[in-house]
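Student: sequence and predicted structure, then a few things I'm wondering about:
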Amino acid sequence: MMDDVAIDGSTSSSEIKPRRGRRVRMTGAERREQLLDIGRTLFAAKGFEGTSVEEIAAKAGVSKPVVYEHFGGKEGLYAVVVDREMRQLLDMVTGALTAGHPRELLEQAAFALLDYIERYTDGFRILVRDSPVAQSTGTFASLISDIATQVEDILGLEFKARGFDPKLAPLYAQALVGSVALTGQWWLDVRKPKKAEVAAHLVNLAWHGLDGLEQKPRLIGHRKS
């Protein structure tokens, strides 16, 4: 071993060649996470159709069979990436809803979505892209629906307290969450105004709309059905 070799005056240190370091092999779990990270970046930049197994494998420095071994193909990798992003966003939204006052709940929901967009930009880009035909879950519409379900009960209680039909709470939950989500999709690219200002305007529209809500809304146009 090199440590056991004494270097005398006749032997220069440059003549002793260091041993080449071993290439550390990844564990199965580490390789899986690496492929997920690479897939997430590529899907965000190029979309599902624009990303190939060959490119994923090349970025990871492995052969195509390794990708198939872990995920069964591009579809399997994409499904795991989408599922993780869905759970991340849902956890952030539901975890943020802690206030008792409905207006503050609206603020918390708006901030949660905007925080996710700011912190997990690649993930949000993936969620708002069209999913592959074979993908039955993970679409932007299903994401909005899942989040809206979390606030239906809150709206239902508020409707009941104000004398409105609580059965309409799901409709209003979809409308509110949808408006925030689509605004977030727009803000993803422009990033102006600042996040807090965007949240304030979203809540302003939602809250004052709810505050002046008619129990039996009327249509003023000529069309009645």
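Tutor: Yes, it's here.
Student: R129 - nearest residue in space that isn't next to it in sequence?
Tutor: Using CB to CB, 6 or more residues apart in numbering and skipping the chain neighbours, the partner closest in space to R129 is G47 (5.3 Å). Using the backbone N, CA and C atoms, a C-beta is placed for each residue, glycine as well.
Student: where does the chain dip in pLDDT?
Tutor: 1-24, 130-139 (pLDDT under 70).
Student: what about the helices in it?
Tutor: Assigned by DSSP state H, the helices in the chain fall at 28-50, 53-60, 64-71, 74-96, 102-119, 121-128, 140-162, 169-190, 195-211.
Student: out of those helices, the one nearest I220 is which?
Tutor: Among these, helix 195-211 comes nearest to I220, with 16.6 Å by CB to CB.
Student: show me what that closest one is in contact with.
Tutor: For helix 195-211, contacts defined as CB atoms under 8 Å, 6 or more residues apart in numbering pick out 102-103, 106-107, 110-111, 114-115, 118, 158, 172, 176, 179-180, 183, 187.
Student: residue contacts, the spatially closest residue to Y68 that is not a sequence neighbour?
Tutor: Spatially, and ignoring its direct neighbours in sequence, Y68 is nearest to V53 (7.4 Å; CB to CB, 6+ apart). Counting by CB under 8 Å, 6+ apart, V53 makes contact with 64, 67-68, 73-74.
Student: ok so, going back, of all the helices of the chain, which lies closest to K224?
Tutor: In terms of CB to CB, the element of the helices of the chain nearest to K224 is helix 169-190, at 19.0 Å.
Student: can you give me the angle that closest one makes with helix 102-119?
Tutor: Angle of helix 169-190 versus helix 102-119, following axes from the mean of the first three to the mean of the last three CA atoms, to 10 degrees, is 40 degrees.
Student: which residues sit against helix 169-190?
Tutor: Residues outside helix 169-190 that contact it (CB under 8 Å, 6+ apart): 106, 109-110, 113-114, 117, 121, 124-125, 128, 140, 143-145, 147-149, 151-153, 155-156, 159, 195, 198, 202, 205-206, 210.
Student: for E214, give me phi and psi.
Tutor: Backbone torsions of E214, given as degrees, to the nearest 10, read phi -90, psi 140.
Student: residues near it, how many?
Tutor: By other CB atoms under 10 Å, 7 other residues sit near E214.
Student: any idea how far it is from H101?
Tutor: From E214 across to H101, the span is 22 Å (CB to CB, to the nearest Å).
Student: now do W187
Tutor: Remark: distance between W187 and H101 (CB to CB) = 25 Å.
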